[in-house]
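Visitor: got a predicted structure plus its sequence, pasted below:
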Amino acid sequence: MFKLIKKTLIAGIGAIEYSREQMTELRKQLRESLDECVKRGERLAEHEDSLLAAFFSAVRPKQKVPTSDEVDVIIPGYDDMTVTEIIDQIKRLSMRQLEIIRTYEYHNFNRIRIIRQIDKELDEARIIPDYDELPVSEIVEHLESLSQQELAAIRDYEKSHRSRVTILRAIDRRLAKAA
């Protein structure tokens, strides 16, 4: 019986040793495979990054950044003005001029107060597409389909930009009717 137990123990120890060797070999193979995957992944990532950059540069619309001279035509001395001075000037600009100033500001100074003010002005004007180019009669027609909030936004925009009495009166009549 003792011999049987001894053989079983030796066999068990042998099996454990064999398993340990297999596990060590398996661990080594796994480590090599993972290292290879990491190397491959790094090569792919580098390649992928260059492909993504090429793709985005191809599909991204090319936005022309206005020059300082172009901006100076709209707001003379823009680069030397304070944020408050620029915001005061913004209120008199058309949508197209606002878009030019916004692009220039974003790419050169990126002052958040100016950009937010321009965005606010543009949002008000975009309620009626091509607002600045439309004749007064067409703007008045568009007013019929606007909500009170939209009317108030258009009123603010009109009052701070061109202050056309006909439009302001039409808005006031519409607001009075809705009240």
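Guide: Now that the structure is in, tell me what you want to look at. Residues are numbered from 1 along each chain as shown.

Visitor: go ahead and flag the most central residue of the protein.
Guide: By CA atoms, centre = their mean, the chain has its centre lying nearest to Tyr106, at 12.2 Å.

Visitor: surely it touches Ile115?
Guide: Yes. Using CB atoms under 8 Å, Tyr106 is in contact with Ile115, at 6.3 Å. For every residue, glycine as well, the C-beta is placed using N, CA and C.

Visitor: show me where this protein has helices.
Guide: With DSSP state H as the criterion, the chain has helices at 2-59, 68-74, 83-90, 95-108, 112-125, 136-143, 148-161, 165-178.

Visitor: and the angle from the fifth one to helix 83-90?
Guide: Which is helix 112-125. Interaxial angle, helix 112-125 versus helix 83-90 (axes from the mean of the first three to the mean of the last three CA atoms, to 10 degrees): 20 degrees.

Visitor: then helix 112-125 to PDB, C-alphas only?
Guide: Output in PDB follows, covering the C-alpha atoms of helix 112-125 (Å, rounded to 0.1, in the frame of the first residue of the first chain):
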ATOM      1  CA  ILE A 112     -15.200  84.100 -25.300                       C
ATOM      2  CA  ARG A 113     -17.300  87.200 -24.400                       C
ATOM      3  CA  ILE A 114     -17.000  88.500 -28.000                       C
ATOM      4  CA  ILE A 115     -17.800  85.100 -29.500                       C
ATOM      5  CA  ARG A 116     -20.800  84.600 -27.300                       C
ATOM      6  CA  GLN A 117     -22.100  88.000 -28.100                       C
ATOM      7  CA  ILE A 118     -21.700  87.400 -31.800                       C
ATOM      8  CA  ASP A 119     -23.400  84.000 -31.500                       C
ATOM      9  CA  LYS A 120     -26.300  85.600 -29.700                       C
ATOM     10  CA  GLU A 121     -26.700  88.300 -32.400                       C
ATOM     11  CA  LEU A 122     -26.500  85.600 -35.100                       C
ATOM     12  CA  ASP A 123     -29.000  83.400 -33.400                       C
ATOM     13  CA  GLU A 124     -31.500  86.300 -33.200                       C
ATOM     14  CA  ALA A 125     -31.000  87.100 -36.900                       C
END
